[in-house]
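Trainee: please find the sequence and the predicted model below.
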Amino acid sequence: MAPVQRPVLALQVARLFFDRRMTRIEIAAQLGISRFRVARLLDGALADGLVRVEYRDLPIEDRDVARRLEDRFGLGLCAVAADGPSPTAGAVAELAGSLLDGLIGQDETVGIAWGSTLAAVVAAVPPRHDPSIRVVQLAGSSSRLVGGRDAGELTRALAARLGAAHHAIYAPAVVDSAIVREALVRAPEVADAVGRFDDISLAVVGIGVIPADGVTPASSLIRSGALDAADIRRMVDLGAVGELVVHPFDLDGRFVDAALAARAIAIDIDRLRAIGRVVAVAWGVDKATAIRGALRSGVVDMLVTDARTAAAVLEVDDQLRSATLDG
């Protein structure tokens, strides 16, 4: 029998050490070689370029403003990227990706929504290979959301980053009637994902802005084309300032459009709230009012944002509280 070539053995040893987190002694016992040879093979794998170790510089956090948001809104955790020379979007995405890497454990069922914010976050999640993890799409899809921002694409992309299984919803996010919705959620292409909503232990969502003019495409929900002009006008008239997974809410976090919810092929608010670990990622001072409403809803447990946006959220909240007292 031909001897095992050193590069092949070195690569296998490296996989046991780095991927499976086995000690040098455990690897030596499993392969029947000395621990000193294991150490030499690991050193050789690094020197020969078979294995590459990368260190990621994470954005500096502003813990002061993060703590203020945690205390003000009762958040379990808030991570705030400090002001710095790097673009805000990239810093927040890196921070969120690192946080999710720590939160997602073995045998986890992770739900993910849609949007440009989450597309950046998914790309920042460190890769791993864990087939015990499941990634579930939280809302239906839209062909109008391009560039990897659609919920179905993000579900597949996150699953690929984690080496996990994915469960997509092959249906639109919003349909014409509650009757159509009920028929679709029973279809196998939809039922597989929808039936896993109660298993979700961690959800990752963006916070969409509902513009006062009902026209500016600030939210992925509006850009998706899932709603017609009458739907958007109704949301605005009901006082909607933002949306979580296609569910519109007002300044005080009240969900305001039951008619839309009845037509949405998406996780419902009660199920979303029951998850207990809902991570919202949002940045930009133009989102401050929507973020404030989302934090007041009681659905969001953890927030990742940047220092300027965090300060703007606190300012909006101060102004609204003051106006309430004056009134």
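Mentor: Thanks, I have the structure now. Numbers count the residues shown, from 1 in each chain.
Trainee: buried residues in stretch 47-59?
Mentor: The neighbour-count check on stretch 47-59 (16 or more other Cβ atoms under 10 Å) flags L50, V51, P59 as buried. To be clear about C-beta, it is placed using only N, CA and C from the backbone, and glycine gets the same treatment.
Trainee: dump those to a markdown table, plus distance to R277 and secondary structure.
Mentor: Listed next are those as a markdown table, based on distance: Cβ to Cβ, whole Å; DSSP: H, G, I helix; E, B strand; the rest coil:
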| residue | distance to R277 | secondary structure |
| --- | --- | --- |
| L50 | 37 | coil |
| V51 | 33 | coil |
| P59 | 22 | coil |
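Trainee: stretch 254-269 - what's its average pLDDT?
Mentor: On average, the pLDDT along stretch 254-269 is 93.
Trainee: cool, and stretch 184-203?
Mentor: pLDDT averaged over stretch 184-203 gives 95.
Trainee: please apply the same query to stretch 63-82.
Mentor: The model assigns stretch 63-82 a mean pLDDT of 95.
Trainee: what's the span of it, first residue to last?
Mentor: 8 Å (Cα to Cα, to the nearest Å).
Trainee: same check on stretch 47-66?
Mentor: OK, stretch 47-66 end separation, Cα to Cα: 42 Å.
Trainee: which outside residues touch that stretch?
Mentor: Residues from elsewhere that reach stretch 47-66 (Cβ atoms under 8 Å, 6 or more residues apart in numbering): 7, 10-11, 14, 18, 42, 44-46, 78-84, 86, 91-92, 94-95, 98, 126, 307, 310-311, 314.
Trainee: hang on, the earlier thing: from the buried residues of stretch 47-59, which shows the smallest pLDDT?
Mentor: Minimum confidence in the buried residues of stretch 47-59 sits at P59, scoring 79.
Trainee: about what we covered before: now that we have the contacts of stretch 47-66, which of them are buried?
Mentor: 10-11, 14, 42, 44-45, 78-82, 91-92, 94-95, 98, 307, 310-311, 314.
Trainee: narrow these to those in helices?
Mentor: Under the assignment DSSP state H, the buried ones among the contacts of stretch 47-66 contribute 10-11, 14, 42, 44-45, 91-92, 94-95, 98, 307, 310-311, 314 to helices.
Trainee: pick the one among the residues you listed closest to D252.
Mentor: L314 (16.0 Å; Cβ to Cβ).
Trainee: so what's the closest one up against?
Mentor: With contact set as Cβ under 8 Å, 6+ apart, L314 has these partners: V65, R68, L69, R72.
Trainee: from V92, how far off is the first one?
Mentor: Using Cβ to Cβ, to the nearest Å, one obtains 13 Å as the distance from V65 to V92.
Trainee: got any residues that touch both of these two?
Mentor: By Cβ under 8 Å, 6+ apart, no residue touches both V65 and V92.
Trainee: H167 is in contact with R196, correct?
Mentor: Yes. At 5.7 Å, R196 and H167 qualify as touching, with contact defined as Cβ atoms under 8 Å.
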